[in-house]
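J.: pasting the sequence and the predicted coordinates here, then a few questions.
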Amino acid sequence: MRVVVTGAAGFVGSHVAEAFADAGHEVLAVDALVRSPAPDLARRTWEQVTARPGVTGLEADLAADGLERLAAADVVVHLAGRPGVRSSWGAGRAAAERDNVLATGRLLAACANRRARPLVIVASSSSVYGSAGHRPNREDDPLHPASPYAVSKVEVERLAGLAARDGLRTVLLRYFSVYGPRQRPDMAFHRFVEAALDGRPLPVFGDGRRSRSFTHVADVVAATLAAAGADLPPGIAVNVGHPEAVAVRSAIGMLTGVLGVRPEIRRKAPVAGDAARTWADPGRAARLLGWTARTGLAEGLADQIAWHRALRAQQPQPKRAQEVRV
Ligand SMILES: NC(=O)c1ccc[n+]([C@@H]2O[C@H](COP(=O)([O-])OP(=O)(O)OC[C@H]3O[C@@H](n4cnc5c(N)ncnc54)[C@H](O)[C@@H]3O)[C@@H](O)[C@H]2O)c1
């Protein structure tokens, strides 16, 4: 299969591109590295991904450049975008609109314009639900986006739904708090591990009671590859999340247990729009994709910590200090 993976210099996209290549597919990896909020990490990741046999790299801005080459594929996995609730407030709103909504609209249009139209798998987010109540969120629950980022993902979903109505096969994967090697520097576990390894207090937004369906990137990759091979109703949304919601403070307990440290916690003001709880009902993914998350949190955190240690071993000290200042 010819597979295009956008956002391939990013956290999730890099793993997805590598997994498709390892499974024998021809991969066109696409990214506008300058649009990444962590350009140093993106550049290093890009070099690794594009060195992989079976992967060709293309630096392109989906919000500005011609996209014909991207649409000439059997499957387009669209993971490029501007993630993150916190960074989407204020000046970040424009970036979320540009790199999520505008870029997705342009990509969908380019794919719809072809005679042989690809399947388009689009990354959405648990944030479209707002906060989960007393049960896990199912895909047909009402959407309550509570931040510019979440609103942009609802817009992305609408665009994919419209394209599906016009005959393009689209699938929306609602990812839940992904973690593991190459996790973005603005994400909680990345900040916690770097702080703990530096001997600094762990910066925690709010009181640590917020809970998440933390989902390891290897499981996210497996669900994404399964979606590429499944015959799904066009425009369908599928939760890609671990069925258990774990409180941030419990996750910190596991993380520091693996690291063998007892760091101080520095509480910071809660972030507006950050859900009190995300909680995935993975029933549809199990039925339609034959997928369930398999990685337990302690095991997955150990994997992420090993990546941080390996990264530090490769870098001179001053560079490291700059990278953790997020
Ligand atoms: N990581 C998570 O926990 C999570 C959860 C839910 C949804 N998602 C979604 O999954 C996708 C991937 O997230 P991630 O954590 O890997 O993010 P990431 O920032 O690591 O990767 C996104 C990549 O997209 C690229 N990009 C941004 N704008 C672009 C543009 N206009 N043209 C081309 N490339 C562009 C960036 O350079 C970056 O490398 C995003 O759509 C995100 O919203 C992620």
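T.: Now that the structure is in, tell me what you want to look at. Numbers count the residues shown, from 1 in each chain.

J.: mind listing the strands in the protein by residue range?
T.: Shown for the chain, the strands assigned by DSSP state E span residues 2-6, 26-31, 55-59, 75-78, 119-125, 170-175, 178-179, 202-205, 211-212, 215-216, 236-240, 246-247, 265-268.

J.: in a markdown table: the ones you listed, plus mean pLDDT, distance to the ligand and mean neighbour count.
T.: From N, CA and C alone the C-beta is placed, and that goes for glycine too. Below are these laid out as a markdown table (pLDDT from 0 to 100; distance: least, C-beta to the nearest ligand atom, whole Å; neighbours: other C-beta atoms under 10 Å):
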| stretch | mean pLDDT | distance to the ligand | mean neighbour count |
| --- | --- | --- | --- |
| strand 2-6 | 98 | 6 | 27 |
| strand 26-31 | 98 | 5 | 25 |
| strand 55-59 | 98 | 8 | 17 |
| strand 75-78 | 98 | 8 | 26 |
| strand 119-125 | 98 | 4 | 26 |
| strand 170-175 | 98 | 4 | 26 |
| strand 178-179 | 98 | 4 | 26 |
| strand 202-205 | 94 | 15 | 18 |
| strand 211-212 | 97 | 9 | 24 |
| strand 215-216 | 98 | 8 | 26 |
| strand 236-240 | 98 | 8 | 25 |
| strand 246-247 | 98 | 14 | 16 |
| strand 265-268 | 94 | 19 | 12 |
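
J.: which one of those lies closest to residue 142?
T.: Distance to residue 142, taken as C-beta to C-beta, is lowest for strand 236-240 among the strands of the chain, at 12.7 Å.

J.: around the residue in the chain positioned nearest to the ligand, how many other residues sit close by?
T.: Closest to the ligand within the chain is residue 10: 2.0 Å, counting by C-beta to the nearest ligand atom. Using other C-beta atoms under 10 Å, residue 10 is surrounded by 30 other residues.

J.: in a markdown table: the strands of the chain, plus distance to residue 132.
T.: Below are the strands of the chain laid out as a markdown table (distance: least, C-beta to C-beta, whole Å):
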| stretch | distance to residue 132 |
| --- | --- |
| strand 2-6 | 29 |
| strand 26-31 | 32 |
| strand 55-59 | 37 |
| strand 75-78 | 25 |
| strand 119-125 | 13 |
| strand 170-175 | 12 |
| strand 178-179 | 17 |
| strand 202-205 | 18 |
| strand 211-212 | 9 |
| strand 215-216 | 14 |
| strand 236-240 | 11 |
| strand 246-247 | 13 |
| strand 265-268 | 23 |
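
J.: residues contacting the residue of the chain closest to the ligand?
T.: Shown in contact with residue 10 (C-beta atoms under 8 Å, 6 or more residues apart in numbering): 31, 36, 42, 45, 79, 80, 184.

J.: out of those, which is most surrounded?
T.: With neighbours taken as other C-beta under 10 Å, the top of these is residue 31, carrying 30 neighbours.

J.: mean confidence score for stretch 63-71?
T.: In this model, stretch 63-71 has an average pLDDT of 91.

J.: in it, what's buried?
T.: 63, 67, 70, 71 (16 or more other C-beta atoms under 10 Å).

J.: could you find the closest non-adjacent residue to residue 70?
T.: If the residues on either side of it in the chain are set aside, residue 70 comes closest to residue 4, at 5.1 Å by C-beta to C-beta, 6 or more residues apart in numbering.

J.: my guess is that neighbour meets residue 80, correct?
T.: No: counting by C-beta atoms under 8 Å, residue 4 does not reach residue 80; the two are 10.4 Å apart.

J.: need the overlap of contacts for these two.
T.: residue 30.

J.: which intervals of the protein have sub-threshold pLDDT?
T.: For the chain, applying pLDDT under 70 flags the ranges 317-326.

J.: interface residues of it facing the ligand?
T.: Within reach of the ligand by C-beta under 6 Å from any ligand atom, the chain has these residues: 6-7, 9-13, 31-33, 35-36, 42, 61-63, 79-83, 99, 103, 123, 125, 175, 177-178, 184.
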